[in-house]
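Q: here's my sequence, what's the structure:
(2 chains)
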Number of protein chains: 2
Amino acid sequence: MTDTVVSSANSELIIGFDQPFRIIGERINPTGRKLLSAEMAAGDFSRVEADTLAQVAAGAHMLDVNAGIPLADEPAILAETIKLVQSLTDVPLSIDSSIVEALEAGLSVYQGKALVNSVTGEEERLEVVLPLIKKYGAAVVAISNDETGISEDPDVRFEVARKIVERAEDHGISRADVVVDPLVMPVGALNQAGAAAFRLIRRLREELKVNTTCGASNISFGLPARHGLNAAFLSMAIGAGMTSAILNPLHSEEVAGVMGADVLMGRDPECRRWISKFREPAVEGSAADVWRGGRERRRRRA
Amino acid sequence: MTDTVVSSANSELIIGFDQPFRIIGERINPTGRKLLSAEMAAGDFSRVEADTLAQVAAGAHMLDVNAGIPLADEPAILAETIKLVQSLTDVPLSIDSSIVEALEAGLSVYQGKALVNSVTGEEERLEVVLPLIKKYGAAVVAISNDETGISEDPDVRFEVARKIVERAEDHGISRADVVVDPLVMPVGALNQAGAAAFRLIRRLREELKVNTTCGASNISFGLPARHGLNAAFLSMAIGAGMTSAILNPLHSEEVAGVMGADVLMGRDPECRRWISKFREPAVEGSAADVWRGGRERRRRRA
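A: Okay, the predicted model is just below:
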């Protein structure tokens, strides 16, 4: 039972083995979004504002915030974005950058305990990012690759994750504050990518006893009907023990895959969250029918 | 590695640990279908014909055939339905009745090796159904309840399944010819129904080493957005080791849950079946792009 506690100024969130699965909204990220990128570089944060509100309304438990814009002052923009997002919502944030100065700028303005995304198993990264995590009392996403790249063998990736967890402990960071990303590869390129991810997620939970997260949509890269495949992946990853993921909470198929898996793992008491999310507009006491009699509801939409 | 081999006159199908998941089409069943029920009782099989062709076209690997019409001559109607369905398609059938005379009538006209649905752990049923399975060289679905009813405890249901498998062996029926139904309960009524099913499916595969099947839609009884929940259940059950299920192959969410799980278990080489099922209409070599470069396809539909 490992609980990773993150927080904002006024609100705490647990990522944990017995908690509902945690959705980390991925939208505040200029990578591949030209318009957002140009706007953020020019100091226009209206789209960030809209993305914040829409993702929280859709059920995101946390938001990932990335300001990776080529040639821009990423540390300053990331800090400004974080301040804005924290003024709009009370959900905890994941501070996302590959630039250490940007991570530090974000951490220095963040109110609460952030999740830092991310550190890899590369020596150089470990020795600059981990002291920052310790200094600010944050939690961190550990990505299971190192100097040798990303192994196709899930057992090699497990050993990289173990190394990061042990090194974090050397720095005085508890393993509860390390959330491991097993690195999900596109199954269209690597046929065993799904099976490898599930095996690794299970080992990370049972042997290393850490929470896990991933960028879910990577699994379906290059394939048709991506939302359906992402949904199947998320449900199965939750069945294997994954406790959070970075995804777009506005995609209803993925959200159904996640919330359905919570129901099926017995983590949605009386299916209240499922019913509240998906019930059709009430018609003459029909919602009550579901509760009282368990009778089959007539379908009112195709 | 347990293979359950079923067949029609000209075609063989394996339900097995390393096979793609097997979809058993559920539509040829008058239960709850008033019109079909009245038509079948009156000797009009046009809807059976349409249901046969539509389910096979949608990708069903087998079809379940049930003729349970109150006050009708079920053995005669079941036999007639089976003959008709076998004249239309070469997929193997599951002969579905709670009346032993109907099972025997169906088996006596069936061409190939059928799957009989079903036998329970009740003494009386075991001693009439198992001799029939042996006599016709069929395979059988074993439902894990007995005289004491359906236990909520998956470990009690496991013991019932073990008893049926052992009794079948006493009758000279190999355990490869027993496909266990773990009995999926509605999660809206029983919060741990999903978790219990996954635990039982895993034990049935790893300890009893049998193939498994279930009526998948039962899980979502009484809840909204049933297709999404069924899809999550199917994906997770396949992750836990389930090898077949009775479902409606015309429901695209469920089929995506099944086929996505096959992809993610590494049982769809080069994702060929997924791509063939879900690719959008070809536009200027775009399908080839997916193969050659793994480049992201532009989405041409919303």
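Q: residues near A:Gly32, how many?
A: 8 (other Cβ atoms under 10 Å in any protein chain shown). From N, CA and C alone the C-beta is placed, and that goes for glycine too.
Q: same question for A:Ile77.
A: Around A:Ile77 there are 21 residues (other Cβ under 10 Å).
Q: same check, this time on the one 5 residues further on
A: For A:Ile82, the count of nearby residues is 24 (other Cβ under 10 Å).
Q: then the one 10 residues further on?
A: Applying other Cβ under 10 Å, we find 27 residues neighbouring A:Pro92.
Q: before we move on, what about A:Ala76?
A: By other Cβ under 10 Å, neighbour count at A:Ala76 equals 13.
Q: residues contacting it?
A: A:Ala76 makes contact with A:Ala105 under the criterion Cβ atoms under 8 Å, 6 or more residues apart in numbering or on different chains.
Q: for it, grab phi and psi.
A: Phi and psi for A:Ala76, reported as degrees, to the nearest 10, are phi -70, psi -40.
Q: and for A:Ser7?
A: The phi/psi pair for A:Ser7 (degrees, to the nearest 10) is phi -160, psi 160.
Q: got the contact list for it?
A: A:Ser7 touches A:Leu13, A:Pro92, A:Gly112, A:Lys113, counting by Cβ under 8 Å, 6+ apart.
Q: up against chain B, what does the stretch 51-200 of chain A have?
A: A:Pro186, A:Val187, A:Gly188, A:Ala189, A:Asn191, A:Gln192, A:Gly194, A:Ala195, A:Phe198 (Cβ under 8 Å from any Cβ of the partner chain).
Q: follow-up on the earlier one: just put the contacts of A:Ser7 in TSV and tack on secondary structure.
A: Formatted as TSV, those follow (DSSP: H, G, I helix; E, B strand; the rest coil):
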residue	secondary structure
A:Leu13	strand
A:Pro92	coil
A:Gly112	coil
A:Lys113	coil
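Q: what is the nearest of these to B:Arg203?
A: Set against B:Arg203, the nearest of the contacts of A:Ser7 by Cβ to Cβ is A:Leu13 (34.3 Å).
Q: the closest one against A:Pro20, yeah?
A: No. Using Cβ atoms under 8 Å, A:Leu13 is not in contact with A:Pro20, being 10.4 Å away.
Q: between the residues of the stretch 51-200 of chain A next to chain B, which is closest to B:Pro269?
A: A:Asn191 (6.4 Å).
Q: and what about that closest one, helix, strand or coil?
A: Per three-state DSSP, A:Asn191 ends up coil.
Q: count of neighbours near the nearest residue to it once chain neighbours are set aside?
A: Once flanking residues are discounted, A:Asn191 sits nearest to B:Gly266: 5.3 Å by Cβ to Cβ, 6 or more residues apart in numbering or on different chains. Neighbourhood size, B:Gly266 [other Cβ under 10 Å]: 16.
Q: same question for A:Glu166.
A: A:Glu166 has 12 nearby residues by other Cβ under 10 Å.
Q: is the helix or strand where A:Met259 lies in proximity to chain B?
A: Taking DSSP states H and E as the definition, A:Met259 sits inside helix A:252-264. Yes. Residues of helix A:252-264 are located near chain B by Cβ under 8 Å from any Cβ, namely A:Glu253, A:Ala256, A:Gly257, A:Gly260, A:Ala261, A:Val263, A:Leu264.
Q: let me have the residues of the stretch 51-200 of chain A next to chain B in JSON lines, extended by pLDDT and neighbour count.
A: Shown next, in JSON lines, are those (pLDDT from 0 to 100; neighbours: other Cβ atoms under 10 Å in any protein chain shown):
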{"residue": "A:Pro186", "pLDDT": "97", "neighbour count": "16"}
{"residue": "A:Val187", "pLDDT": "98", "neighbour count": "28"}
{"residue": "A:Gly188", "pLDDT": "97", "neighbour count": "22"}
{"residue": "A:Ala189", "pLDDT": "96", "neighbour count": "13"}
{"residue": "A:Asn191", "pLDDT": "96", "neighbour count": "16"}
{"residue": "A:Gln192", "pLDDT": "96", "neighbour count": "16"}
{"residue": "A:Gly194", "pLDDT": "98", "neighbour count": "29"}
{"residue": "A:Ala195", "pLDDT": "97", "neighbour count": "18"}
{"residue": "A:Phe198", "pLDDT": "98", "neighbour count": "22"}
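Q: CA atoms of stretch A:127-139 as PDB?
A: C-alpha atoms of stretch A:127-139 as PDB (Å, rounded to 0.1, in the frame of the first residue of the first chain):
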ATOM      1  CA  GLU A 127      22.400  14.100  -9.900                       C
ATOM      2  CA  VAL A 128      20.700  17.400 -10.800                       C
ATOM      3  CA  VAL A 129      17.000  16.600 -10.500                       C
ATOM      4  CA  LEU A 130      16.900  14.600  -7.300                       C
ATOM      5  CA  PRO A 131      18.500  17.400  -5.200                       C
ATOM      6  CA  LEU A 132      15.800  19.700  -6.500                       C
ATOM      7  CA  ILE A 133      13.100  17.200  -5.500                       C
ATOM      8  CA  LYS A 134      14.500  17.000  -2.100                       C
ATOM      9  CA  LYS A 135      15.000  20.800  -1.700                       C
ATOM     10  CA  TYR A 136      11.400  21.500  -2.600                       C
ATOM     11  CA  GLY A 137       9.900  18.400  -0.900                       C
ATOM     12  CA  ALA A 138       8.200  17.400  -4.200                       C
ATOM     13  CA  ALA A 139       7.300  14.000  -5.700                       C
END
